[in-house]
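Asks: curious how this folds, go ahead:
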Amino acid sequence: MTHIKNLVSLVAVLAFALFTIANVSALATITDVQVNGVHALNAGTTVATFSGNTLPVLVVFAADGNASDVRVKAWISGDSAYSVSSDRFDVIAGGVYSQLISVKVPSNIDPTEAFKLEVSIEGESEGIITSAAVSLAAQRESYVVEILDVNMGTQVTAGKTMPVDIVLKNRGLHFATDTFVAVTIPALGVQQKAYFGDLSPVDQADPNKEDAVEGKMLVNIPSDAPAGVYAVQIDAYNADSTDTVSRKIAVAGESSESTVISTSTASNFAVGESGKYSLTVINAGDKIGIYQLGFETASGLSLTADEPAFAIPAGSSKTVTFEASATKAGTYNFAAVVSSNGNVVQRQEYSATVEGSSFAGNATLLVTIVLAIVFVVLLVVLIVLLTKKPQKSEEFGESYY
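Replies: Numbers count the residues shown, from 1 in each chain. Below is the predicted model:
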């Protein structure tokens, strides 16, 4: 008796399931699927397509019942992760509906495999209402080289090199021979090329050829490149195929690898004298630096440098001196400007306090006056001596007593 009851229960469940499936299937019937304009539901029809292409798929179905939140879904067999769906909509029994969706054919197809375009109509509560499959003859283009990946930084300093890692893959059906890559920054007039060789359509052991290759390029950024964000264009090309990707790079101004130190920025001196100043330039870079010393000066102040231009080896320093002089007393402000490669390394401000005539100048004038006075006195004495008449001597006769 127990076995009979269990059998009756199983039959009831199966009957209910069949009834449910029949009702679900009765909600819609796919009447046509057009792929690239080809009516693909016809028996024996195989639609040819190429890897990487996007297929326009038009699905036509008749609604045999009412349903809400229905959508049309399609994908290439084996790649359901890339499935596409239409927006959800309600259907009413007796209506004929059509939905146009675009399906991407994978780029990494194996031409020896069989592919199908899977199409389904789904309801939010019903699940899959009905489905259909279309045979596809997917093949590769003859010559397709693809930039699979570009790895580069987002910022670089002017005067430095920018490393760019590039991965290429042959998506074509034939060899990609003599493939090059060019990295270009049009706004800076920068272009650099590299040879990436031949790429096989598939990995093979004899001869050892691969369908992908990775290479690194070092792109030189000009030292005078203005700071800003620039477009970077990466082109992979050979005689039969090209591919291009774009990136952006932020270029910062040339890094300051030089330092200027000045221990004294003020000097007092007199008119007719000169004030002495010095500054030390440190080259912390990894190459020799050529520097120029210039001045921003006020009117009436003269500045001269011992070495207006000088070189400093990498990791070394140099002290340079300069002098200031003025023709009249006053306080003067000026600046010394150290530059390299046309760029200002540092601007240092100085001051000069110029006083009246110097003590040395007054002493010289005083000596001159004293000497003039002595000369005049001596001249007067000489004149007096020369003009003075000599006295006559008195003659005395002999007297006899």
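Asks: residue ranges with poor pLDDT in the protein?
Replies: Within the chain, the stretches with pLDDT under 70 are 1-26, 78-81, 111-112, 203-208, 253-256, 357-370, 372, 375-377, 379-401.
Asks: pop the domain breakdown of it in here.
Replies: For the chain, automatic domain parsing gives the domain ranges 2-139, 145-252, 258-357.
Asks: need those domains in CSV (columns: distance to Leu371 and mean neighbour count).
Replies: For the C-beta atoms, the positions are set from N, CA and C on the backbone; glycine is no exception. What follows is the domains of the chain, written out as CSV (distance: least, C-beta to C-beta, whole Å; neighbours: other C-beta atoms under 10 Å):
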stretch, distance to Leu371, mean neighbour count
domain 2-139, 105, 15
domain 145-252, 63, 16
domain 258-357, 19, 15
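Asks: tabulate those (TSV), appending distance to Ile373.
Replies: Formatted as TSV, the domains of the chain follow (distance: least, C-beta to C-beta, whole Å):
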stretch	distance to Ile373
domain 2-139	109
domain 145-252	68
domain 258-357	21
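Asks: which residues in the chain form helices?
Replies: If you assign secondary structure with DSSP state H, the helices in the chain sit at 2-25, 359-387.
Asks: tell me which residue is most central in the protein.
Replies: What sits nearest the mean C-alpha location of the chain, by C-alpha atoms, centre = their mean, is Ile249, with 2.2 Å.
Asks: which residues touch that residue?
Replies: By C-beta atoms under 8 Å, 6 or more residues apart in numbering, the residues touching Ile249 are 152-156, 162, 185, 229-230, 232.
Asks: how does it look with 7 Å?
Replies: By C-beta atoms under 7 Å, 6 or more residues apart in numbering, Ile249 lies in contact with 154, 156, 162, 230, 232.
Asks: beta partners of it?
Replies: For Ile249, the beta-bridge partners are Tyr230 (DSSP bridges).
Asks: can you give me the strands in the stretch 301-401 of the chain?
Replies: Along the stretch 301-401 of the chain, counting by DSSP state E, counting those that start in this stretch, strands occupy 301-305, 309-312, 317-326, 330-340, 343-357.
Asks: what angle do the longest one and strand 317-326 make?
Replies: Here the directions of strand 343-357 and strand 317-326 differ by 40 degrees (axes from the mean of the first three to the mean of the last three C-alpha atoms, to 10 degrees).
Asks: which strands and helices sit next to strand 343-357?
Replies: strand 258-261, strand 266-271, strand 275-283, strand 317-326, strand 330-340 (3 or more C-beta pairs under 7 Å, 6 or more residues apart in numbering; DSSP states H and E).
Asks: how about the nearest residue to Thr319, chain neighbours excluded?
Replies: Nearest non-adjacent residue to Thr319, counting by C-beta to C-beta, 6 or more residues apart in numbering: Thr280, 4.6 Å away.
Asks: and the gap between that neighbour and Lys287?
Replies: To Lys287, Thr280 is 19 Å away according to C-beta to C-beta, to the nearest Å.
Asks: ok, the nearest residue to Thr177 once chain neighbours are set aside - contacts?
Replies: Spatial nearest neighbour of Thr177, chain neighbours left out: Asp198 (4.8 Å); criterion: C-beta to C-beta, 6+ apart. Residues near Asp198 by C-beta under 7 Å, 6+ apart: 175-178, 209.
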